[in-house]
Structures are given as C-alpha cells and as structure tokens.
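> Sequence and predicted structure, then a few things I'm wondering about:
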Amino acid sequence: MSNLTESGLPVGYEGRHILAELNSLDEVLTPIKSSVRVKYTSVAVSKRFIAFGASTGGLYLFHRETHRYLQVLANKEGSLSHVAFGSNDNLLALATSRGVVVVWELNIEKRSKPDKLVTSKEHKESSITALHWDASNTKVFIGDDKGKVTALNVPTSKAAGFFQIPTELILNGDSRIVQLDHHNNLLLVATLTKCYLCSSIREKFWPVGKKLRDGEFGACFGYPKDKPAIVYSARPGSRIWEADISGNVVLTHQFKPLLAIPSIPICGQGHDPELTLEDSYPVQSVNFPQLLRLSGHYLISWTNKAMYILDPTTGSVVVWTNGVQDLHQIGIYKTDIICLHHDSSVRKLTLYPVEKCIPKLTAKQLWLQSAKLCSYFERALIPSRARKYLSIMMVTEIKAHLQDNDELVEKLDEIISKLETSFDDRSSTTSSRRSSVASCDGIIRMDSGIYQVLPENRAGEFEDGIEVHLWQNSEDGVFECNEQSLLECEANNHFNNVELVAHNTVQNETSHTLANLEDFQSRDIETWVGQASDLDSDSTSTSRQPSVEKAEEEIASGVGIIGDTKFMSSRGNSQDMGDRKSVV
C-alpha cells in the first residue's frame with residue numbers, strides 16, 4: 001500500500017528545509033595545493049575563523065566569512081586528529097596522532113605572535129578521539145581510544161601555568177570514548193557501551209539510562225526553550241534517548257519510521273538536483289555516531305552514506321540527504337556546516353527554509369533549480385510566512401526564465417494562481433475587518449488605510465486627527481475585533497496595546513511646541529478612548545474607567561506628542577526633539 005498523500009508526499013512529511021551549497025571553499029585549499037602529501041585531517045569552526053589541521057602537523061587558519069588565509073601554526077608531534085576552538089575565538093586546542101594535546105592563544109586581534117599556553121602528554125601513545133572546551137575556556141576535556149578522560153587546565157597566561165595542576169583524571173572508561181560535551185559542572189561522556197554524566201563538584205559519575213549498547217553512538221546536551229538542560233543519547237535503530245541530568249530516560253524518539261521520506265538533494269552552484277517522488281519509501285535503521293547541535297535546537301548526525309538533521313523538540317526529521325557522503329568531520333556555526341571529506345575535499349553547506357533558499361538561487365540566476373524547488377515544495381510556499389521572502393513577482397520571474405520546460409511552466413502557473421487566490425482571500429478578510437471597525441461612529445478610514453479617531457469637539461484642533469494603531473499578534477497585523485463597537489473592544493482589553501500618534505497638529509512646530517504640550521496634557525482624557533457613549537448608549541462609564549486611568553497615567557508621566565515630535569515635560573526624564581514618529 002502506498003504511504004503517500006494525495007499531494008504525492010509521504011504521510012506526515014511536512015519538509016520545508018533544504019541544504020544548499022552557494023559558495024565554494026576552494027580558497028581554503030590554496031595553501032596545500034602545491035604539495036601532494038599535505039592533506040587536511042581535521043576541522044573546527046568558530047564565530048570568526050575556520051581552522052584545518054593537516055597531515056604534516058600544521059594548522060591552517062582562515063577567516064570564516066571571507067575565507068582569507070590568516071596564518072599557520074607549526075607542530076612536530078604528528079598529524080592533527082582533532083581541533084577545537086574555545087568560545088572566545090582566541091584559544092585553540094590541537095590533538096595530534098601521537099596523543100599530545102597543545103593549547104594555543106592566537107592573538108590575532110593583538111597582531112602579535114601566537115603563544116603556546118600548555119601541553120598535555122597524558123594520552124601519549126593513545127589515539128585522541130574527542131576534544132571539548134568548557135564554557136569558561138579554562139579546561140579542555142580529552143578522551144582517547146582506551147576510555148580515558150582527562151581535563152587539561154588552561155592558564156590565563158604562561159606565568160599562571162607554573163602554579164596550576166596541568167591535568168586531572170576524570171574517568172577511566174571501559175571502552176573507546178566516542179563523544180564529549182559539557183554543561184555547567186557536568187561532563188557528558190559517550191563510550192562504545194554506555195553514556196555517563198560526570199560531576200566535577202561531586203566528583204562522581206552515573207550512567208544515562210540502564211541498557212547497554214555496542215558501537216559508536218553520539219550524545220550531547222540539549223537546551224529546550226524555558227526548560228532545564230537535557231541529554232540526547234543515540235541508540236540503535238534510529239532511536240535517540242531524551243534524559244534528564246540525573247540520567248533518567250524520560251522519552252525515546254523513534255526516527256526509524258520518520259525517515260521513510262525522500263532524500264533531498266543538495267542544491268546550489270554546480271548541482272543539478274533531481275526532486276522526484278516514489279510510490280513508497282523504506283524505513284531507515286541508522287546508528288547516529290555523533291550528535292551535534294545545529295541552529296540551537298536541531299541535531300545533526302552523519303554516516304558514510306548520508307547526513308541527517310533532526311528536530312527532537314517536535315520529534316520530526318528536518319531533512320536528510322544522501323548527497324553528502326564519505327564525511328570525515330564537520331564544523332558548525334549556526335546553520336553553516338563545513339564538511340571535511342576523507343579525500344581532504346572541503347565544502348560549505350547551509351540549512352535554509354525553502355522560501356529563503358529560492359531567492360538566493362535566483363540571485364545567482366539558477367532559474368531551473370529555483371523552479372524545481374517551487375514545484376516540489378509547493379505546500380511550503382503558499383502560507384503567508386513564506387511570501388515574506390518569496391513573492392508572486394519572483395515566481396513569475398522564475399517562470400519567465402524557463403525555456404522548453406512546459407511541465408514546470410504549467411506547475412508554476414498553478415502556484416502563482418494559488419498565491420493570488422490566497423492573497424485575495426486574505427485581502428477580503430482584511431477588508432471585512434476594516435469595514436467592521438470603520439462602521440463605528442467617530443472613525444474615518446483615511447486614504448492611506450489608517451483609521452482616524454476624531455475626539456468630540458476637538459476636530460478643529462487637529463489637521464489630520466489621531467491615528468490609532470492597534471497592534472495584535474494576528475497573522476496579518478490587522479486589528480481583530482468580533483464586535484462592531486470600540487467600547488466593547490476596550491472593555492475586553494483590546495486597547496492594551498493601543499498606540500496613539502498625532503500628526504501635523506500645528507503649522508509651526510518650533511514656535512508652538514511648549515505651549516501645545518501644556519495644552520495637550522490638559523485635554524479631556526476621555527476623548528482619547530473615543531466617543532464611547534456615542535458608540536454604545538447602553539454602556540456604563542465603569543467599563544471605560546480602566547483605559548481612562550491608564551491614559552491619565554501615561555499623560556501624567558510627561559510623555560506626549562505634538563506634531564510629529566516626541567516630548568517629555570519636566571516630570572519626565574528626558575526631552576527628545578528628534579523622534580518624529582513616537583508614541584503617546
């Protein structure tokens with residue numbers, strides 16, 4: 001039986017992300033192009049830099065955005081198997097193939113030579129398998145193939161290092177260290193058989209979950225919004241445990257059936273993505289050998305044959321692709337993924353929502369790829385949030401650049417029609433809501449589309465009156481009120497976020513400012529909440545009282561608008577004559 005919906009996509013699949021390769025990283029290969037024996041063996045990324053460890057032991061440093069070559073650090077302890085930046089961008093830890101770890105201070109901003117701060121040989125003759133900094137940049141945690149985990153203390157200067165214990169033993173595990181992560185005073189250690197949490201304060205460690213495993217399975221901390229930190233630990237069969245910091249498993253994410261979706265190919269310069277739909281897709285049983293955080297709350301993992309990006313907060317697959325294979329290591333900054341392959345080739349992928357990716361492709365005049373994405377991700381482009389980035393005009397322009405592809409042209413025509421229909425429906429709804437408000441007495445809709453509230457017996461004192469902007473969290477930003485009475489809206493607290501802006505109240509702002517401010521503060525406050533008694537004769541003054549009191553408090557604070565200028569009286573804290581579109 002087919003597991004597709006009527007639209008042709010798998011049941012439950014709401015994919016709207018894609019990995020794009022928009023910029024080449026050929027420049028970072030320039031320093032090693034002249035030598036056949038030099039290859040990149042490790043990679044790390046920070047806010048400002050990209051670092052590549054080489055087979056000769058050298059470390060090559062580049063600017064992350066411009067890819068400009070900055071410097072090289074020499075090393076005689078063997079090829080670099082791991083590289084890790086401290087959170088301040090100025091510290092860099094290197095692990096060599098001989099088990100030696102060296103910490104450098106780069107000093108690029110000081111324009112001085114790099115300093116070697118500390119060296120650890122605690123893991124000499126072992127293979128370093130994991131390297132991770134703490135948040136304070138004072139420790140580097142090191143794991144090796146024998147299960148040993150140590151903490152290398154990093155001095156703030158060379159002199160401070162003489163009075164500090166260089167390394168501390170954290171754990172002697174039962175098998176190879178797969179991955180390390182750190183949060184506050186907790187170190188997360190993933191081995192071939194278990195996952196541990198180690199407390200540096202209590203000097204104890206305890207397992208995450210009770211069941212053993214056999215193989216490389218990654219683990220990392222997660223930071224759900226407004227919740228305590230949690231642990232994600234990979235399990236066999238495309239599963240991921242979600243546990244608290246006490247090691248108790250609270251949830252198991254089953255991604256095996258969710259991965260029965262199409263692979264999304266890489267798009268961008270030099271790519272020709274084929275986006276096709278099959279009758280069904282097989283489930284995937286994957287062992288996630290590493291778990292890294294991507295863009296805050298996503299998790300990224302990879303195998304020799306594919307890359308996977310997951311969202312554990314919603315229990316969904318963001319995207320997976322078999323267009324990235326033979327990966328050795330990756331470095332991550334926000335949504336950028338620097339990929340280092342086993343053959344030393346390098347590429348940069350970026351995760352985009354499809355509505356943001358298409359405009360970037362059109363900017364590079366990749367019209368066919370843009371059209372294919374529009375056709376494949378049609379459902380993701382119709383909602384209003386997508387039209388913030390992808391307009392009807394842009395889809396029309398994409399269609400105009402297609403040649404001899406009647407099928408895609410026809411599909412784009414359908415999308416344009418749906419976008420126009422959706423826009424008309426929203427415009428009709430907006431007009432209905434505006435008419436509801438405009439039908440109230442004392443409210444006039446101006447040609448600009450702004451609603452004008454005219455206070456009783458004050459109309460002559462205002463040339464353009466007072467504009468009332470009612471900002472709600474509605475999708476289209478239009479004031480939503482089911483009742484046709486502004487008084488009823490006010491009684492239901494719809495005026496809590498009202499912004500009253502007066503425009504062009506006087507002909508000469510400079511000469512009349514102070515006098516008008518005093519007059520402004522002495523006005524009848526009730527005129528600012530509209531003609532409530534005229535709108536609803538059955539309403540009582542009590543229902544208007546909260547907003548009246550609020551308006552009185554705001555005026556009493558000394559803040560006001562005269563003309564298009566914001567003022568604060570002597571009761572306020574400042575006087576700003578420059579803000580010409582301010583709020584009363």
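Here it is on my side, so go on.
> How is residue 393 assigned, secondary-structure-wise?
Secondary structure assignment for residue 393 (DSSP: H, G, I helix; E, B strand; the rest coil): helix.
> Next one: it from residue 399, what distance?
Distance, residue 393 to residue 399, by CB to CB, to the nearest Å: 11 Å. Where you see a C-beta, it was placed from the backbone N, CA and C, and this is true even at glycine.
> Out of those two, name the residue with the larger neighbour count.
Per other CB atoms under 10 Å, whichever of residue 393 and residue 399 has more neighbours is residue 399, with 21 against 9.
> Surely the more buried one and residue 414 touch.
No - in this structure, residue 399 is not within contact of residue 414 by CB atoms under 8 Å, at 10.8 Å.
> can you list the weak-confidence ranges in the stretch 101-250 of the chain?
Applying pLDDT under 70 to the stretch 101-250 of the chain flags the ranges 157-164.
> show me where it has strands.
Here the stretch 101-250 of the chain has its strands, by DSSP state E, counting those that start in this stretch, at 101-105, 115-120, 128-133, 139-144, 148-153, 167-172, 177-183, 186-191, 195-199, 204-207, 219-222, 230-235, 239-243, 249-254.
> Out of the ones you listed, indicate the one that is most buried.
Across the strands of the stretch 101-250 of the chain, the average number of neighbours (mean count of other CB atoms under 10 Å) peaks for strand 139-144, which reaches a mean of 26.
> Tell me how far the nearest residue to residue 340 once chain neighbours are set aside lies from residue 85.
Ranked by CB to CB, 6 or more residues apart in numbering and with sequence neighbours excluded, the top spatial neighbour of residue 340 is residue 43, at 4.3 Å. As for residue 43, its distance to residue 85 is 11 Å (criterion: CB to CB).
> again with residue 380
Counting by CB to CB, the gap from residue 380 to residue 85 is 35 Å.
> Pick out whichever of these two has more residues nearby.
residue 85 (23 against 20).
> Pretty sure residue 45 is one of the things that one touches, is it not?
Yes - assessed by CB under 8 Å, residue 85 is found in contact with residue 45 at 7.4 Å.
> what is in contact with those two at once?
Listed contacts common to residue 85 and residue 45 are residue 51; contacts here mean CB atoms under 8 Å, 6 or more residues apart in numbering.
> Show residues contacting the helix or strand containing the residue nearest to residue 340.
Using DSSP states H and E, residue 43 maps to strand 40-45. Residues outside strand 40-45 that contact it (CB under 8 Å, 6+ apart) are 32, 50-55, 60, 64, 79-85, 92, 328-333, 336, 338, 340, 344, 346.
> 6 Å instead?
51-55, 79-85, 329, 331, 333, 338, 340, 344 (CB atoms under 6 Å, 6 or more residues apart in numbering).
> again, but for stretch 145-154
Stretch 145-154 is contacted from outside by 101, 103, 118, 120, 122, 126-127, 129, 138-143, 164, 167-176, 189, using CB under 6 Å, 6+ apart.
> first vs last residue of it, how far apart are they?
End-to-end span of stretch 145-154 (CA to CA, to the nearest Å): 23 Å.
> what's the answer for stretch 345-360, then?
24 Å.
> Could you give me the buried positions within it?
346-358, 360 (16 or more other CB atoms under 10 Å).
> Return the member of those nearest to residue 238.
residue 351 (20.1 Å; CB to CB).
> Need the pLDDT of the closest one.
On the pLDDT scale, residue 351 is placed at 97.
> quick one: strands adjacent to the helix or strand containing it?
When elements are assigned from DSSP H and E, residue 351 belongs to strand 346-353. Paired strands of strand 346-353, with direction, are strand 17-21 (antiparallel), strand 336-341 (antiparallel) (DSSP bridges).
> Deepest-packed of these, please.
Most buried of the strands paired with strand 346-353, by mean neighbour count (mean count of other CB under 10 Å): strand 17-21, with a mean of 24.
> Next SSE downstream of that strand?
Using DSSP H and E, the helix or strand that follows strand 17-21 in sequence is helix 30-33.
> List the contacts of that next one.
38, 60.
> CA atoms only: put it into PDB for me.
This file holds the C-alpha atoms of helix 30-33, laid out as PDB (Å, rounded to 0.1, in the frame of the first residue of the first chain):
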ATOM      1  CA  THR A  30      45.200  27.100  -1.800                       C
ATOM      2  CA  PRO A  31      47.900  26.700   0.900                       C
ATOM      3  CA  ILE A  32      48.100  22.900   0.400                       C
ATOM      4  CA  LYS A  33      47.600  22.700  -3.400                       C
END
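> got the buried residues for it?
Quick answer for helix 30-33 (16+ other CB under 10 Å): 31-32.
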